[in-house]
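Visitor: Below is the sequence, then the predicted model.
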Amino acid sequence: MIPFLFAVHAHQPVGNFDWVFEKVLDKCYQPALEAFSNHPSFKLTLHYSGSLLEWMEEHAPGHVELIRAMVERGQLELMGGGYYEPILTAIPERDARAQVLSYHDHLEQLFGKRPRGLWLTERVWDPILPRLLSELEVNYTLVDDSHFLYAGLSPDQIYGPFLAEREGRTVTVLPIDKTLRYLIPFREPEETIAYLKKRAREAPGFVGVYGDDLEKFGVWPETHEWVFERGWLERFLSALDEARDEIRTLHYSEFLATARPRGRAYLPPASYEEMMEWALPPELGERLERLVSELKEQGRWEEFAPLVRGGHWDLFLSKYEESNRLHKRMLRCSDRIHRKAEKNQEAQRRLHRGQCNCAYWHGVFGGLYLGHLRHAVYQELLAAEAAAGLNRSLEFERVDYDRDGCEEIMVNSPSINVIVHPARGGAVGTIEDPVRAFSLSNVMSRRRETYHARLTEAVEREAAETPATIHERVAVKEEGLDKLLIYDRFPRMSLQDHVVPPLLSLQEIEGEATLELGEFAGAPYLDMTPLSLGAERPEWPDRKIELGREDFCGEVPLAVEKTIAFEKNRAGFSVHYRVSSRGERMVSFRFGVEWNLNLLSGDSPGRFCLIDGERPEDPGLAGREEREAVEKIELVNQDDGFEAVIACSAPALLFRYPLETVSQSESGFERSFQGTCLWFTWPLRLRPGQGFRVSLEFDLRKLA
């Protein structure tokens, strides 16, 4: 008898749209579970993430009842995990413990049985996990068979249960069979059955282990038609019914109750192969792609596969500034909440929701590039702090917030949160509205991705009228995306200062073709803020941040000084600039102050801008224009009931354009709106010793 362990995992991230939940329920989850239920001899293990299950409980109680009925009759075993699908080793251990225990408690309360196994999010393994999972009374988890290849096992050894150990604590780890993942549901059922029988003949004691996304059974492109309309799933289940004398589906815990471990396996940090490729910087990603392609062409891939691998999940935090910023925001929120003497369940629940993994990284799915998922995480973290009663007064703190070795200046209040980066041009990297739990600095820089080369090659091939093979075809959702492959020189922040030529165009600015005449943007500013934290002087009497930098504009020394001032009850701040010549001759240039703000949608009718009180010809937040003598711009967000207003003391030449990235999704290359970029600029011609002063006022205002 060949044991066949079949597990499926389903997840929808915190912040995803209701229509997405409804679509996947209708096209995949409901018909798949109904099909499984109609074959009671087919045993399976199911993992639903907590964010998905919560939605089901509220919007699809009938689906939850179907799961309960299958559990009660012994057909379905539930697998647990972190409640809101976190990468367990990317969050504080106290939160990892709390997420697993609270979700297992919830599953036991809802379905009457406590899970014994754990679905490891994105199969991100770390050697510390055996100790942690053992202490949480988790009996088993699943990882890819490639994890075992990296641990030095040969392919013919990788099947069945192994023990992973740390500090004498163990957990059973089963390798998911890659061949089964590629067969199910994409090939005819007979091929799966033939494969199981063949492996059983080759390896006495073989057990078939399958674990993969339930979305492959109806949500991935073209799978709904194949799995349901063309009857693949019914054929698959019927074929297993007919083969039950030779192949027996078992629950994982049922199999492990009698199975002996095949040995110990010390697995290195790893995830599935594609994830480790995605984590690499684009240059290394391209080299890895070439190496793998060459080895396969030479017929040597199987020989070298155990030695060829990408990076690990944590590299996303260095690859993407936005990922690191989001991650460190989560860590700070966790620390602040756990330092509170009184515990608040709502604050902890919101924190855990803000640890949902999807917005922290990027691969073939949008993830980090999807602004609404990043927004949802920021929203949960801000709501967690509000529930914990934090930010009740105007507070000032110096701390290396993003762990880059340089101190940042953090300002928190009941009405606005701001983080200033003296080492990065004195720019503002964070602007948050705690009242509405809204991060306005939730922008994304335009950067090169490994897969951009495929888009460029496809456009060049089309221009040369060279036909593409099926393997070279690139799905593109709209024409002209290659024109958006523009890469930013500096991380996208606000109050980024620029000294540029007197004559410049919107096209130059948007295309990152503007010549910087001095090193101010992104360069370290001297921090002269009159405060040194300590027990003897914890107050912040001046409530202002003073920064400055001197550099050369051509051959003329130039100084830029800026003061960012706050008021106790103001949802905003003032910025006072003084630009002065320190040279002995005339100097001409244009001084610019760059803002990058994201109100989530570039084309929503409820989100638009007003310039000096009037709607421009293109009022959308994705609009482009160059306008003279601007004194005020209002970014209006009617959907969330507020506006962000920037007012200048001196009329400015304003450049306005959208931040748009080109990213890859499961259905092809797509454009994503990442925020609105605003450049306020002034032409300056300074004599020796002469200065120019200008002030900008930033305010968040509730709409009437």
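Guide: Right, received. Where do you want to start? Numbering: from 1, shown residues only.

Visitor: buried ones in stretch 32-45?
Guide: Ala32, Leu33, Ala35, Phe36, Ser37, His39, Phe42, Lys43, Leu44, Thr45 (16 or more other Cβ atoms under 10 Å). For glycine as for every other residue, the C-beta is placed from the backbone atoms N, C-alpha and C.

Visitor: what does the helix or strand hosting the fourth one rub up against?
Guide: Assigning secondary structure by DSSP states H and E places Phe36 in helix 30-37. The contact list for helix 30-37, computed with Cβ atoms under 8 Å, 6 or more residues apart in numbering, reads 8, 42, 44, 60, 63, 66-67, 69-70, 75-76, 214, 217-218, 227-228, 233-234, 237.

Visitor: Closest one of the buried residues of stretch 32-45 to His312?
Guide: Among those, Thr45 lies closest to His312 (Cβ to Cβ), at 26.7 Å.

Visitor: Would you mind measuring from the closest one to Asp212?
Guide: 12 Å (Cβ to Cβ, to the nearest Å).

Visitor: Give me the common contacts of the two.
Guide: Ala7, Val8.

Visitor: Let me see the ranges of the helices in the stretch 1-150 of the chain.
Guide: 18-24, 30-37, 50-59, 61-72, 93-111, 129-135, 145-150 (DSSP state H, counting those that start in this stretch).

Visitor: ok so, going back, using TSV, lay out the buried residues of stretch 32-45 together with pLDDT and distance to Leu295.
Guide: Shown next, in TSV, are the buried residues of stretch 32-45 (pLDDT from 0 to 100; distance: Cβ to Cβ, whole Å):
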residue	pLDDT	distance to Leu295
Ala32	98	37
Leu33	98	41
Ala35	97	40
Phe36	98	39
Ser37	98	44
His39	97	41
Phe42	97	39
Lys43	98	39
Leu44	98	36
Thr45	98	35
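
Visitor: Mind picking the two most distant members of the residues you listed?
Guide: For the buried residues of stretch 32-45, the farthest-apart pair by Cβ to Cβ is Ala35 and Thr45; their separation is 16.0 Å.

Visitor: circling back: alpha carbons only: can I get the helix holding Phe36 in CSV?
Guide: What follows is helix 30-37, C-alpha atoms only, in CSV (Å, rounded to 0.1, in the frame of the first residue of the first chain):
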residue,chain,number,x,y,z
GLN,A,30,-16.1,26.2,-3.0
PRO,A,31,-16.1,23.9,-6.0
ALA,A,32,-12.9,22.2,-5.0
LEU,A,33,-14.1,21.4,-1.5
GLU,A,34,-17.5,20.2,-2.8
ALA,A,35,-15.6,17.9,-5.2
PHE,A,36,-13.5,16.6,-2.3
SER,A,37,-16.5,16.1,-0.1
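
Visitor: Between the helices of the stretch 1-150 of the chain, which one is closest to Leu484.
Guide: Here helix 18-24 is closest among the helices of the stretch 1-150 of the chain (Cβ to Cβ), at 24.7 Å.

Visitor: Any chance you could list what contacts that closest one?
Guide: Ala10, Gln12, Leu52, Trp55, His59, Glu215, Gly218, Val219.

Visitor: Narrow these to those that are buried.
Guide: Listed as buried from those are Ala10, Gln12, Leu52, Trp55, Glu215, Gly218, Val219; burial here means 16+ other Cβ under 10 Å.

Visitor: Among these, which ones are in strands?
Guide: Counting by DSSP state E, these place Ala10 in strands.

Visitor: Nearest to Ala629, out of the buried ones among the contacts of helix 18-24: which one, please.
Guide: Top of the list for closeness to Ala629, among the buried ones among the contacts of helix 18-24 and by Cβ to Cβ, is Gln12 at 48.2 Å.

Visitor: so who does the closest one touch?
Guide: Per Cβ under 8 Å, 6+ apart, neighbours of Gln12: Val20, Phe21, Val24, Ser49, Ser51, Leu52, Trp55.
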